[in-house]
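Student: make a model of this:
(chains A and B)
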Number of protein chains: 2
Amino acid sequence: MTLPESKDFSYLFSDETNARKPSPLKTCIHLFQDPNIIFLGGGLPLKDYFPWDNLSVDSPKPPFPQGIGAPIDEQNCIKYTVNKDYADKSANPSNDIPLSRALQYGFSAGQPELLNFIRDHTKIIHDLKYKDWDVLATAGNTNAWESTLRVFCNRGDVILVEAHSFSSSLASAEAQGVITFPVPIDADGIIPEKLAKVMENWTPGAPKPKLLYTIPTGQNPTGTSIADHRKEAIYKIAQKYDFLIVEDEPYYFLQMNPYIKDLKEREKAQSSPKQDHDEFLKSLANTFLSLDTEGRVIRMDSFSKVLAPGTRLGWITGSSKILKPYLSLHEMTIQAPAGFTQVLVNATLSRWGQKGYLDWLLGLRHEYTLKRDCAIDALYKYLPQSDAFVINPPIAGMFFTVNIDASVHPEFKTKYNSDPYQLEQSLYHKVVERGVLVVPGSWFKSEGETEPPQPAESKEVSNPNIIFFRGTYAAVSPEKLTEGLKRLGDTLYEEFGISK
Amino acid sequence: MTLPESKDFSYLFSDETNARKPSPLKTCIHLFQDPNIIFLGGGLPLKDYFPWDNLSVDSPKPPFPQGIGAPIDEQNCIKYTVNKDYADKSANPSNDIPLSRALQYGFSAGQPELLNFIRDHTKIIHDLKYKDWDVLATAGNTNAWESTLRVFCNRGDVILVEAHSFSSSLASAEAQGVITFPVPIDADGIIPEKLAKVMENWTPGAPKPKLLYTIPTGQNPTGTSIADHRKEAIYKIAQKYDFLIVEDEPYYFLQMNPYIKDLKEREKAQSSPKQDHDEFLKSLANTFLSLDTEGRVIRMDSFSKVLAPGTRLGWITGSSKILKPYLSLHEMTIQAPAGFTQVLVNATLSRWGQKGYLDWLLGLRHEYTLKRDCAIDALYKYLPQSDAFVINPPIAGMFFTVNIDASVHPEFKTKYNSDPYQLEQSLYHKVVERGVLVVPGSWFKSEGETEPPQPAESKEVSNPNIIFFRGTYAAVSPEKLTEGLKRLGDTLYEEFGISK
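Tutor: As a prediction, the model looks like this:
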């Protein structure tokens, strides 16, 4: 089957993108590789002056039989060295990026070896439906999102966001003068019918939204994931009203088996044979990228949650047409992700191979399933047993939320003036006093809220008194996690005057 | 002597800076370090899941007796390993940044160990005249300059730039809708009297310039350096007309001894004892930063030219007040320079120590002096001997320029319509055909030019027919450099119809 070409969405570009002229210096940079040309064009220092001759590292070895977090020993370790230069391909069997190239100017899109690994990975994960897609290395999704705003938005432009979303992403837009318009969400993420209604009722003449920004999997802060069938409906709405979908997917590979409360049932599920790669791939949520026939989706992936945040390395997948202005922007901002990061991530991944990387992702899924279970078990054990306290077990990501009906607080009217956010603020301080930090949901509320927040599981009922707290099971050990959630529970018992 | 506090220049901030709200999540991040708090606040993965246990590297060893570019062997090499964690300080005598911290979120300003090294280095190089200065890690000067524009400028704002300047820096401003106003330069850089005149004649009511962007040392593209006494005059003008000075100094440590044409004299100068650190420090140009009593100067330094471009690491020095909005912007863009880069640069520098780093910089100066001499020798040898071809030997940086009086070309009027830029374009193609790449000066012309370009050594005479080409001696070996400049000379002889 021949795949179609992507559409041209350049009419959505920002004034800045349209004004960005290609640097004349870039028109001659290809001559650097021309053996007939003596290149006196650019200020490229000699590699002899780079004071690093080689780089060696110890990494865990696939298939990580003791788990991805097991201490490294001789048995489960691969040791490798990346050199400044290689005589020829045979001297570089692992396809390492030579330090001399990684540490030089050039290759703003990312080093070819790394991009090739990412392209192969992309083909394994997503079933792309158009021809001219590509990937571009970024300094992580924070950078990629900020760049997306610069590429598309002018001051006064409008974008659609989930009603609660990652505060830093919202703040980034707002600082740029971009208006964030909230879209209602529930336990299955963005509600297509409500999104359609938002668009149908869009004020005539008002600037139309250029983008929908979404964190589809393990959403931050709600922990929810958009159900596959909803993604199709949302994509169709994007087509109808002609906006792009930006899927920010740092938690995509932290998808887990659903939470099973009953311990015996859970053990049964876990004692089944370790999932193989095919099962694993089949179990992953369908992506907006896989639905996209036009190049309407911009996907942002990151190594922050699957390898380490400090790599400051991620990538955008989208149509070549759409990646072009990102590259021009990068040439004036980050230039490229740091060379050392590209060298080391590429060296590790190329030695693991695509299969070894899937082993790693499977291992990660296993770890996060255990941590999620530990957190949700503790919440069920320590939180007051009442309809006013709703626990939302996530199927992906790092976050869980607890919804609280503020109106059941005995002093809701008297002390808190029937204002759920006054109670939220007070509860936040009480839990911190008791020695645990969870984050108030209102910190993630998008500006310009048009209706009350609809956190997870408040599906059909829109109760304006529902507040929530976000917690993570990522950052601490199971023991600390359990103790922390006990402290949260104790605070709620006390504050709501419920006897155990 | 008690130093004064810096002034508050926040009235120069951009709308974006003023709109940028501190992330509420940052208000609780300090609790991550609190032993009494169980931190379920942020999505920080466990360090156990970072698949790099340690990092080893071979670096050259101070004082680099065979030169900084000498091949590494057992004798002149230091080998070291940075670990994921250290039991205590005694296990980490070189003050390494543990991988577990470098690869985690946090420390957006840069890792403390690296910042401390940079602060100590700053004290050695600059004599700061106010109290509350600090440094902030960046992803290099391209990133730092783009951030500077975001921090200070709105669309329609005006900045002052050198009449010819780094094209990418100009393009960055222009894409953001910031107007670049050119300031005349000559062989000693910005001409204070002309700058004063520009400001005196500023159209009343027109937006005043917020910044002066300058590359004071080894300017790109002209290769010129601002004389010390001019810096004082320029600083006073900045005070009088209340704009900030942004000094972009990637080439600061590529300062060289002046070019000596006579070989015997040159040998004599070079056979004098190797410069010691005190002499070296005394020989360095005075900086705008050192003159600054108010926090009016923003200095951008980079490791790109002194260690390697691919480190993507640099720093800004300025008042704490001015660094604050940069940090907030970084939190929404790069977050921080990549962890691996910070680990490795810090590990190398901390083992070299401040003295070893000065040895490195001295070695670099030596290498560039040789390369510069090689280039200028070849230019004098191979270029037509005529007043129409002016060679400008730089005292710093990577670039030389050749000024050409276009009007002496026999077909200037007939074939090129008396347009120097038509000739420049034609010459560019001819030299590339002959196998050498040098860059036309017009590529660096700032938009909105108000008077003809005044490249180096056209000091008092403003000849509108002078064009120039920029070359670098950085990127190739002496043999190639010589051959390349012979090709340039041959082209000029032929094109201008001069017989040898």
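Student: can you show me the strands along the stretch 151-300 of chain A?
Tutor: Shown for the stretch 151-300 of chain A, the strands assigned by DSSP state E, counting those that start in this stretch span residues A:158-162, A:179-183, A:185-186, A:189-190, A:209-214, A:244-248, A:297-302.
Student: can you list the residues of the stretch 51-200 of chain A near chain B?
Tutor: If contacts are counted using Cβ under 8 Å from any Cβ of the partner chain, the residues of the stretch 51-200 of chain A sitting beside chain B are A:51-60, A:68-69, A:72, A:77, A:102-105, A:139-140, A:142-143, A:146, A:167-168, A:171-172, A:174-177. All C-beta atoms are positioned from the backbone trio N, CA, C, and that covers glycine.
Student: quick revisit: using CSV, lay out the strands of the stretch 151-300 of chain A together with mean pLDDT and mean neighbour count.
Tutor: Converted to CSV, the strands of the stretch 151-300 of chain A look like this (pLDDT from 0 to 100; neighbours: other Cβ atoms under 10 Å in any protein chain shown):
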stretch, mean pLDDT, mean neighbour count
strand A:158-162, 97, 24
strand A:179-183, 96, 22
strand A:185-186, 94, 24
strand A:189-190, 97, 24
strand A:209-214, 98, 25
strand A:244-248, 98, 25
strand A:297-302, 98, 26
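Student: low-confidence ranges in the stretch 401-500 of chain A?
Tutor: Counting by pLDDT under 70, the stretch 401-500 of chain A shows low-confidence ranges at A:447-462.
Student: how about it: which residue is closest to chain B?
Tutor: Chain B sits closest to A:Gly484 of the stretch 401-500 of chain A, with a gap of 3.4 Å, by Cβ to the nearest Cβ.
Student: thought that residue was touching B:Ile38?
Tutor: Yes - between A:Gly484 and B:Ile38 a contact is recorded at 3.4 Å, counting by Cβ atoms under 8 Å.
Student: can you work out which residues contact both of the two?
Tutor: When contacts are counted by Cβ atoms under 8 Å, 6 or more residues apart in numbering or on different chains, the set common to A:Gly484 and B:Ile38 consists of A:435-436, A:476.
Student: before we move on, the earlier item: adding distance to B:Leu370, write the strands of the stretch 151-300 of chain A out as a markdown table.
Tutor: A markdown table is the format used below for the strands of the stretch 151-300 of chain A (distance: least, Cβ to Cβ, whole Å):
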| stretch | distance to B:Leu370 |
| --- | --- |
| strand A:158-162 | 55 |
| strand A:179-183 | 57 |
| strand A:185-186 | 64 |
| strand A:189-190 | 63 |
| strand A:209-214 | 53 |
| strand A:244-248 | 50 |
| strand A:297-302 | 44 |
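Student: which of the ones you listed sits closest to B:Phe253?
Tutor: strand A:297-302 (34.9 Å; Cβ to Cβ).
Student: quick one: that closest one to chain centroid distance?
Tutor: Strand A:297-302 has its average C-alpha position 8 Å from the chain's average C-alpha position, going by Cα atoms, centre = their mean, to the nearest Å.
Student: same question for stretch A:168-179.
Tutor: Taking Cα atoms, centre = their mean, one finds the center of stretch A:168-179 at 17 Å from the center of the full chain.
Student: pull out the buried positions in it.
Tutor: For stretch A:168-179, the buried set under the neighbour-count rule, 16 or more other Cβ atoms under 10 Å in any protein chain shown, comprises A:168-176, A:178-179.
Student: can you pull out the low-pLDDT segments for the stretch 201-350 of chain A?
Tutor: Per-residue confidence of the stretch 201-350 of chain A (counting by pLDDT under 70) places the weak regions at A:271-274.
Student: please redo it, this time with the cut-off set to 90
Tutor: Confidence mapping of the stretch 201-350 of chain A against pLDDT under 90 gives the ranges A:257, A:267-276.
Student: what residues does it put near chain B?
Tutor: When proximity is defined by Cβ under 8 Å from any Cβ, the stretch 201-350 of chain A lies next to chain B at A:220, A:304-305, A:307-313, A:331-341, A:344, A:348.
Student: gap between the two ends of stretch A:1-16?
Tutor: 38 Å (Cα to Cα, to the nearest Å).
Student: can that stretch be said to contact chain B?
Tutor: Yes - shown here: stretch A:1-16 in contact with chain B (Cβ under 8 Å from any Cβ) through A:15-16.
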